[in-house]
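>>> Predicted model and sequence below, questions to follow.
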Amino acid sequence: MNRARAGVALALLLRALPARADPDDGASGADDAPATRRAPDPPRDPATLPGFMRQKRRMRDEDLEDKVEGGYVTGLPLVNGDPDTGLGFGARALYFANGPRADRMFEYTPYRHRVFGQAFFTTNGYQHHTVDYDAPYLLDEPLRLRASVTFEKNVAANYFGVGPRSLDRLAFPGSERRYGSLGEYTEALRQARPDGTAYTRYNQYIVERPTLAATLERDLFGGVVRGLLGFTASYVGVRQWTGREVSATDPTTGEDAAARQATTRLDEDCARGLVKGCGGGFNNALKLGVAFDTRDFEPDPNAGFFVDLTTELAGRPLGSDFDWARVTFSPRAYWSPAPKLADVVVAGRLVASAQTRDVPFFTMPELSFTDVNARGLGGLRTIRGFKQSRFVGRAVTLANVEVRWTFWQLAAARNQRFAFILAPFFDVGRVFDTLDDFELRRFRNGQGAGLRVAWNQATIVALDFGVSREATALYVDFGHPF
């Protein structure tokens, strides 16, 4: 997952924008006369396209008018404050190469090359650094290469248990209560006990994870179907908080105090043999997939379907310390109900995923798609309003619905274009021990609204506010959740 942790990034972007484009600069605002806009290109004769892309959906005329020729750079500073990881600073920069407008693939691709790099540090030791490359139609062939190198060190990785028991209300051994509010629960965890311990980090562990991933896709049936072959190499280092010094609250004075961390939930489950991978290790996997894709513009679709099926296989022959398999099926749909009246898109996604019993606990939260992986359930990409990876199980079902309304567009100097999108959403999902246990009870949901900024179309800055029965959460990241 690309975790931006950019608490004020959107505010910095908005501050940098002009309130209105100056006509003297040659830029055009959303309300300028039509004569100031570029005339739409006539649709290219499909016979002039390579056979491997003749069934692909062309971009809308409105999007083609605004698509930037050649290459350009976008990027934002990343700033975040979190009580568990501390104050963080970093930056993400993206480079896009769209190619010339005369390129026969210009009307059918989001870009020809995209590279982004991110560096992010916090005062308490969290790190997330990434270099990522994506090339649709590499060398003008029906091939797409995606590759990334990532290093993550998380001192506050979440673990709330696995299986249906993770659906229970929040609880810990130091209290007989069950908590419906994450705020009250967190406050109770921090209370120092007479023996000098506290449960401050009861639902957290420390993980270090360098990862190298690459996938190669090939277009089939005129470009609406893609087959995928990929490989991920990763080493996961796991450490527990048990016995370490943590910050706590003195129950008599209410002041901050130091304490020793009592046994964590992960330590408890490891001791009982409920989960695999407690000591970490190499977690290498082969990825196979197939996708059916009729979207008109991949980063911000207005219409079309995207249906993918992936299988991941890990084992000793791949250099992995763990033997496991996972299958994920996910259809997505995008529909513009009245394109002549308003730029509104209804977006929906369903996810069903199942994995074998021996999957390590740190991989179990992942949802694997042909384009990108997500972690859940809980957090920006799955059920907003709940903590990241709040619900984890070997079988997962998930549904998301968003209504994306582009209510304002402007063009600034030097070919910088921005579209502002309001996106109310509803998320719902559940975990099971197996798919055979499926039932229409105990589903967990989150809802809220987001403000998205499409910067030169392909860079989506997302600011989402989610509400769940346990908490509220503000997320800032890049890209639509799906």
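Ah, there it is.

>>> all contacts plus neighbour counts: C-alpha atoms, from now on.
Noted.

>>> The closest residue to Asp256 other than its chain neighbours: neighbour count?
In space, Asp256 comes closest to Thr249 once its chain neighbours are excluded; the distance is 4.7 Å by CA to CA, 6 or more residues apart in numbering. Using other CA atoms under 10 Å, Thr249 is surrounded by 21 other residues.

>>> now Ala291: how far from Asn302?
Here Ala291 is placed at a distance of 18 Å from Asn302 (CA to CA, to the nearest Å).

>>> Kindly report the same for Gln261.
To Asn302, Gln261 is 50 Å away according to CA to CA.

>>> before we move on, the earlier item: per-residue confidence for the residue nearest to Asp256?
Confidence at Thr249, expressed as pLDDT, is 97.

>>> ok, Phe362 - contacts?
By CA atoms under 8 Å, 6 or more residues apart in numbering, the contact list for Phe362 reads Gly277.

>>> Number the residues from 324 up from this point.
Will do, 324 is the new start, and the previous item becomes Phe685.

>>> Let me know the helix or strand that it is in.
Phe685 is located outside every helix and strand, with elements delineated by DSSP states H and E.

>>> Gly404 versus that one, what's the distance?
Look at Phe685 and Gly404: by CA to CA, they are 24 Å apart.

>>> Next: Arg415.
As judged by CA to CA, Arg415 and Gly404 stand 17 Å apart.

>>> quick one: which of those two has more around it?
More crowded of Arg415 and Gly404, by other CA under 10 Å: Arg415, with 20 against 16.

>>> Next, count neighbours for the spatially closest residue to Phe645 that is not a sequence neighbour.
Closest residue to Phe645 apart from its sequence neighbours, by CA to CA, 6+ apart: Gly638 at 5.7 Å. Here the number of neighbours of Gly638 (other CA under 10 Å) works out to 17.

>>> Make sure Gly638 is actually in contact with Pro683.
No: when contacts are counted by CA atoms under 8 Å, Gly638 is not listed as touching Pro683 (12.0 Å).

>>> Need the residues touching each of these two.
By CA under 8 Å, 6+ apart, Gly638 and Pro683 have these common neighbours: Phe645.

>>> about what we covered before: got a list of what the residue nearest to Asp579 touches?
By CA under 8 Å, 6+ apart, the residues touching Thr572 are Arg513, Gln514, Ala515, Glu578, Asp579, Ala580, Ala581.

>>> Can you tell me which of the residues you listed are classed as buried?
Listed as buried from the contacts of Thr572 are Arg513, Gln514, Ala515, Ala580; burial here means 16 or more other CA atoms under 10 Å.

>>> Specify which member of the residues you listed is nearest to Leu552.
If you rank these by distance to Leu552 using CA to CA, Arg513 comes first, at 46.2 Å.

>>> How about the contacts made by that closest one?
Taking CA under 8 Å, 6+ apart, one finds Ala521, Tyr522, Thr523, Ser570, Ala571, Thr572 in contact with Arg513.

>>> if you set the cut-off to 6 Å instead, what comes out?
Residues near Arg513 by CA atoms under 6 Å, 6 or more residues apart in numbering: Ala521, Thr523, Ala571, Thr572.

>>> Asp542 too?
By CA under 6 Å, 6+ apart, the residues touching Asp542 are Pro465, Val548, Arg549.

>>> Any chance of the residues you listed in TSV with neighbour count as columns?
Below are the contacts of Asp542 laid out as TSV (neighbours: other CA atoms under 10 Å):
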residue	neighbour count
Pro465	19
Val548	22
Arg549	22
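
>>> Neighbouring strands - and their directions - for the helix or strand containing Phe615?
Assigned by DSSP H and E, Phe615 belongs to strand 608-616. Partners of strand 608-616 in the sheet, by DSSP bridges, are strand 548-562 (antiparallel), strand 627-637 (antiparallel).

>>> quick check: angle from the next helix or strand after the shortest one to strand 608-616?
Tracing the chain C-terminally past strand 627-637 and defining elements by DSSP H and E, one meets strand 647-658 next. Angle between the axes of strand 647-658 and strand 608-616 is 20 degrees (criterion: axes from the mean of the first three to the mean of the last three CA atoms, to 10 degrees).

>>> Identify all contacting residues around the very next helix or strand once past strand 647-658.
Remark: after strand 647-658, the chain's next helix or strand is strand 667-678, criterion DSSP H and E. Residues outside strand 667-678 that contact it (CA under 6 Å, 6+ apart): 625, 648-659, 717-728.
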